[in-house]
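Participant: The sequence and its predicted three-dimensional model are supplied below.
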Amino acid sequence: MSASVLEQLLEALDTETARNMLKDLKNAELRSPQLYNAVGKYLERHKFTLAKLRPDESLLGDLASALADVPELTDAELYGSTQH
């Protein structure tokens, strides 16, 4: 597999991942701390590779905006009650 084909495959996978995350963020039943964590890691990773991979920048902006609209969760909401 040539480097060009591999790069195109990785770009396609990355773009599809972003689309799926955005779709899940728009569905209240699928929103979870794990999803927010995954989106945060995805966005952090792209701070360093954005110029190299050139993913769909509108998707990254939409993901960042969607995360900004989510209220902060308390530890109890994230991890459940620690009282017995």
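Facilitator: Good, I have the coordinates.
Participant: contacts, neighbours, all on C-alpha from now
Facilitator: OK.
Participant: ok, so what distance separates residue 47 from residue 18?
Facilitator: When C-alpha to C-alpha, to the nearest Å is the yardstick, residue 47 and residue 18 sit 14 Å from each other.
Participant: Residue 75 too?
Facilitator: If you measure residue 75 against residue 18 using C-alpha to C-alpha, the figure is 27 Å.
Participant: and the two? which has more neighbours close in?
Facilitator: For residue 75 against residue 18, the residue with the higher neighbour count under other C-alpha atoms under 10 Å is residue 18, and the figures read 21 against 10.
Participant: Tell me the secondary structure at that one.
Facilitator: helix (DSSP: H, G, I helix; E, B strand; the rest coil).
Participant: didn't it look like it was pressed against residue 61?
Facilitator: No: counting by C-alpha atoms under 8 Å, residue 61 is not a contact partner of residue 18; they are 10.5 Å apart.
Participant: Pull the helix-or-strand element of the chain with minimal mean pLDDT out as CSV, backbone CA atoms only.
Facilitator: Of all the helices and strands that make up the chain, the one with the lowest confidence by mean pLDDT, DSSP states H and E is helix 57-68; it has a mean of 72. Listed in CSV are the C-alpha atoms of helix 57-68, where the atom choice follows Å, rounded to 0.1, in the frame of the first residue of the first chain:
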residue,chain,number,x,y,z
GLU,A,57,-12.4,21.7,9.6
SER,A,58,-16.1,22.4,9.8
LEU,A,59,-16.6,19.1,11.7
LEU,A,60,-13.9,20.0,14.2
GLY,A,61,-15.6,23.4,14.7
ASP,A,62,-19.0,21.8,15.2
LEU,A,63,-17.6,19.3,17.7
ALA,A,64,-15.9,22.1,19.7
SER,A,65,-19.1,24.2,19.6
ALA,A,66,-21.2,21.2,20.7
LEU,A,67,-18.9,20.5,23.6
ALA,A,68,-19.0,24.2,24.7
